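**Q** how does the following fold in three dimensions:
(2 chains)
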Amino acid sequence: MHEESDSTLIARAKDDPEAFGLLYERYVGRIYNYIYYRTGNHHDAEDLTARTFYRALKHFSRYVDRGAPFSAYLYRIAHNIVANWHRDTGRRQIVAIDGLMLTTRERDEPATMAERVEEQEVLLRAVRKLPPERQQLLILKLVEQMSNAEIAEVMERTEGAIKSLYHRTLVALRDELADEGK
Amino acid sequence: MEDERVVELISALADGLIGVPEAKQQITMTDEESRQITPLFQLAEQLHQAMQPVQPSAAFVHSLGKELVDNARRQAALSRRLRRAVLIGAAAVGSLLSIASVVGAIIFVIVRWRERAHASTAQAPTG
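**A** Here you go, the predicted structure:
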């Protein structure tokens, strides 16, 4: 069946609540992923995903479709909500072991698996020490597998700036890991 | 090596990592470049492996979706009621203004008529 474009759904959703539901279904997974990697646990990811969509709905009547992807609007809301969450709670981020276990190979020996989990924990801890915008970039690039052009729209920067930020992020991460290893 | 060149190469490698097919074809580098870039690319590969997409639970997606649509319905009903109230209010104000202007016009005519009657009585010869 032909899938309605975002623009069509957005126009419909102004008067038709079901259309907003369709937009939600289209993007809930991506927003959840983004928030999960920013918070590190499923419980907060669910809570903040819900807040993101409630806020999007609350301000939806004022949303103007200027041709930018609807996801950019949602990512910006999610980014602000996560930033507020970090600021308000001052919580230490938790490295989610359940997520990490998925990335280990089933054939691995328990010791190898544990070592791999430990390595990934260290890596994700280092990622979460990065400034929010750099974390956002890594999630959009490596988890969401978005193009530089798409990331540029979400983060309101040029493609060149995104490429440059990606390079600086990897360098900073490498240095952080080297410091931890000392 | 120019920073810009490194930035472009790292970016192309990242695109290759996430499965952009044309990205890999664009990558040609010297041994020196490769030596400098490899550690960063390996780090990106590790990150890609560690940061696998996760799925929200189906129950969560379903219940939040239902709540949002219910909420959107309530919001739409509320704004419809608000629009109707504004419309009725505007119509009521309009009606009141119309009635007031008709009453005003009648009073004006009566006052003018009385003034004229009074003036003609005053001007009429008395004797």
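**Q** what residue ranges in chain A score low on pLDDT?
**A** For chain A, the stretches with pLDDT under 70 are A:1-2, A:91-108, A:182.
**Q** let's see it at 80
**A** Within chain A, the stretches with pLDDT under 80 are A:1-2, A:89-113, A:180-182.
**Q** can you show me the strands along it?
**A** Taking DSSP state E as the criterion, chain A contains no strands.
**Q** farthest residue from the center of it?
**A** Using C-alpha atoms, centre = their mean, the residue of chain A lying farthest from its centre is A:E109. It sits 31.4 Å away.
**Q** rounded mean pLDDT for the helix ranked longest in chain B, please.
**A** Ranked by number of residues, the top helix in chain B under DSSP state H is helix B:58-123. Averaged over helix B:58-123, pLDDT sits at 91.
**Q** doesn't B:V7 make contact with A:H167?
**A** Yes. With contact defined as C-beta atoms under 8 Å, A:H167 and B:V7 form a contacting pair (4.6 Å). Glycine gets a C-beta too; all of them are placed from N, C-alpha and C.
**Q** of the two, who's got more company?
**A** Between A:H167 and B:V7, A:H167 has the larger neighbour count (other C-beta atoms under 10 Å in any protein chain shown), namely 21 against 17.
**Q** residue of chain A with the smallest distance to chain B?
**A** A:P17 (3.4 Å; C-beta to the nearest C-beta).
**Q** skipping its backbone neighbours, what lies nearest whatever residue of chain B ends up closest to chain A in space?
**A** With C-beta to the nearest C-beta, the shortest gap between chain B and chain A falls at B:A72, namely 3.4 Å. Of all residues not flanking B:A72 in the chain, A:P17 sits nearest, at 3.4 Å (C-beta to C-beta, 6 or more residues apart in numbering or on different chains).
**Q** how close does that neighbour sit to B:R74?
**A** 9 Å (C-beta to C-beta, to the nearest Å).
**Q** looking at the two, which has the bigger crowd around it?
**A** Set A:P17 next to B:R74 and count neighbours by other C-beta under 10 Å: A:P17 wins out with 19 against 11.
**Q** what's the more buried one in contact with, if anything?
**A** Contact partners of A:P17, counting by C-beta atoms under 8 Å, 6 or more residues apart in numbering or on different chains, are B:69-70, B:72-73, B:75-76.
**Q** can I get those residues in JSON lines including neighbour count?
**A** Listed next are the contacts of A:P17 as JSON lines, based on neighbours: other C-beta atoms under 10 Å in any protein chain shown:
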{"residue": "B:V69", "neighbour count": "18"}
{"residue": "B:D70", "neighbour count": "12"}
{"residue": "B:A72", "neighbour count": "20"}
{"residue": "B:R73", "neighbour count": "15"}
{"residue": "B:Q75", "neighbour count": "16"}
{"residue": "B:A76", "neighbour count": "17"}
